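In: with the sequence up front, the predicted model follows.
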Amino acid sequence: MKTLITIAAILLGSIASVAQTKDNDLKISILTCAHGEEIYAAFGHCAFRASSQSRHFDKVYNYGTFNYNQPFFVLKFVRGFLDYAVSSYDYKLFRYEYVREKRKVKEQVLNLSPEQAQAVYDFLEWNSMPENRNYKYNFLEDNCATRIRDVLTNACSPDIQYPDTTYAFTLRDAIDERIEDMPWFRFGITLLMGLPVDKKATAMTAMFLPDYVHSTIADTKIVRDGALEPIVKDSSVVVAADKPVSHVDFLTYCSPALLLWILLLAWGWATYKEIKNHTYHAAPDKVLLFIVGLFGILFVVMWFFTEHTVTANNLNIIWAIPLHAIAAWMVKSKSTLWKTYYKVTAITTAAMLVCAPIVPQHYDPAFYPLLAIITMRLARIGWRNE
């Protein structure tokens, strides 16, 4: 009788152990996706994956979704008020999208305790509810990549330990590297981005880029059963791609730097002929200064009248002066005030050109011929009759 009781106890204990193991099969992983063809996919993408065989689900939590049809979409995007959202849907649908686009997807299965995994899952479920799913997108501080870091921090703190690394490069360098084959896009965002992206990147701040989420998580530790262990239990490629999506096209070779260097040479020759022949053609200067002035107005708006932290403290305002939009129509004026204006702005623009290597804000290569053109023409207007 005692033997039967002992055997029954062992069997019941085994069944309970198997049941508990089955109930604790919740798996949390991070999906890191390669960049795509579209501009909004130029930096790649990140998402959470949560799966459990015992509970019969395998789904993705995607923080990169937004509604094109929301009212005043463009205005909200420009001002930094655009609502992004976390969407929860079947993993197979997510995977199919990246297979179709031929974009590589890497998965990092996290080494979480059942309690930690459940905490992450509970937060993701709560966050994906209609009343909780929206958030204000911020390029540097709140996007699909930073949400990975923040969700893990909130759910697993204080057990999670990220690497304490400061890189030799800046946030701007990291951005430029990823859009090197998109020179027009790089030129445009370099114009708009201010000093916030010229800080040295750290393991934490670089996690606004998906591939730095992947590399930083690979070096992250977590406390399990009193011991510090790697947070990544297993890494694999779940969507393979023969080669990365290429952005190389005609515009890659016909870059803004190339066109502006050609324009500088042509305009330099025209300026020489003007001086030699004692002539002056106002129309090109009106167009140039008006466009530069409009850019200056844009910089002011993006700095002071939007929620975009990345466009604050933009030193380009020193040479792209909003008042140029008015000065464009006064290039033939003989007023001492306007003559002084052109001379002073020529000197300040020349100073920006000369000091470009030591200015805290990094310049795109196309800026050098652009600043040279502006300096040359402002000087020509200011000292035209002297």
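Out: Perfect, thanks for sending it.

In: can you give me the pLDDT of the nearest residue to Met182 once chain neighbours are set aside?
Out: Nearest non-adjacent residue to Met182, counting by C-beta to C-beta, 6 or more residues apart in numbering: His247, 4.9 Å away. Placement of C-beta: from N, CA and C, glycine included. Note on His247: pLDDT of 75.

In: for the one helix or strand Tyr84 maps to, list the C-alpha coordinates in CSV.
Out: Using DSSP states H and E, Tyr84 sits within strand 83-90. Output in CSV follows, covering the C-alpha atoms of strand 83-90 (Å, rounded to 0.1, in the frame of the first residue of the first chain):
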residue,chain,number,x,y,z
ASP,A,83,0.2,59.7,-33.5
TYR,A,84,2.0,56.5,-33.8
ALA,A,85,0.6,53.3,-32.4
VAL,A,86,1.5,49.8,-31.2
SER,A,87,-0.4,47.1,-33.2
SER,A,88,-0.7,43.5,-32.2
TYR,A,89,-1.2,40.8,-34.9
ASP,A,90,-0.2,37.3,-35.9
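
In: how many other residues sit next to Cys355?
Out: Counted with other C-beta atoms under 10 Å, the neighbours of Cys355 add up to 9.

In: got it, and Phe295?
Out: A total of 19 residues lie near Phe295 under the criterion other C-beta under 10 Å.

In: which SSE is it in?
Out: helix 282-304.

In: what is Val105 paired to in the beta sheet?
Out: Assessed by DSSP bridges, Val105 has beta-bridge partners Cys33, Val239.

In: so how far is Phe250 from it?
Out: Distance, Val105 to Phe250, using C-beta to C-beta, to the nearest Å: 29 Å.

In: can you check Phe94 too?
Out: Phe94 is 33 Å from Phe250, by C-beta to C-beta.

In: more neighbours, these two?
Out: The residue with more neighbours, out of Phe94 and Phe250, is Phe94; 23 against 6, by other C-beta under 10 Å.

In: enumerate every residue touching the more buried one.
Out: Leu31, Ala47, Arg49, Val60, Asn62 (C-beta atoms under 8 Å, 6 or more residues apart in numbering).

In: what do you get if the cut-off is 10 Å, keeping everything else the same?
Out: 31, 33, 47, 49, 58-62, 87, 105, 238-239 (C-beta atoms under 10 Å, 6 or more residues apart in numbering).

In: over to Thr348?
Out: Ile318, Trp319, Ile321, Thr375, Leu378.

In: top of the residues you listed by number of neighbours, please.
Out: For these, neighbours were counted using other C-beta under 10 Å, and Leu378 has the most, 28 neighbours in all.

In: and the spatially closest residue to that residue that is not a sequence neighbour, what does it touch?
Out: Nearest in space to Leu378, with sequence neighbours left out and distances taken as C-beta to C-beta, 6+ apart, is Ala346 at 3.6 Å. For Ala346, the contact set (C-beta under 10 Å, 6+ apart) comprises Ile374, Thr375, Met376, Arg377, Leu378, Ala379, Arg380, Ile381, Gly382, Trp383.

In: how close does the closest residue to Leu294 other than its chain neighbours sit to Pro360?
Out: Taking C-beta to C-beta, 6+ apart, and ignoring the residues beside it in sequence, Leu294 has Ala325 as its nearest neighbour in space, at 5.9 Å. Using C-beta to C-beta, we find Ala325 at a distance of 27 Å from Pro360.

In: same deal with Asp25?
Out: For Asp25, the distance to Pro360 equals 51 Å [C-beta to C-beta].

In: again, but for Phe48
Out: Distance, Phe48 to Pro360, by C-beta to C-beta: 36 Å.

In: out of those two, which sits in the busier spot?
Out: Looking at Phe48 and Pro360 with other C-beta under 10 Å, you find the greater number of neighbours at Phe48, namely 27 against 11.
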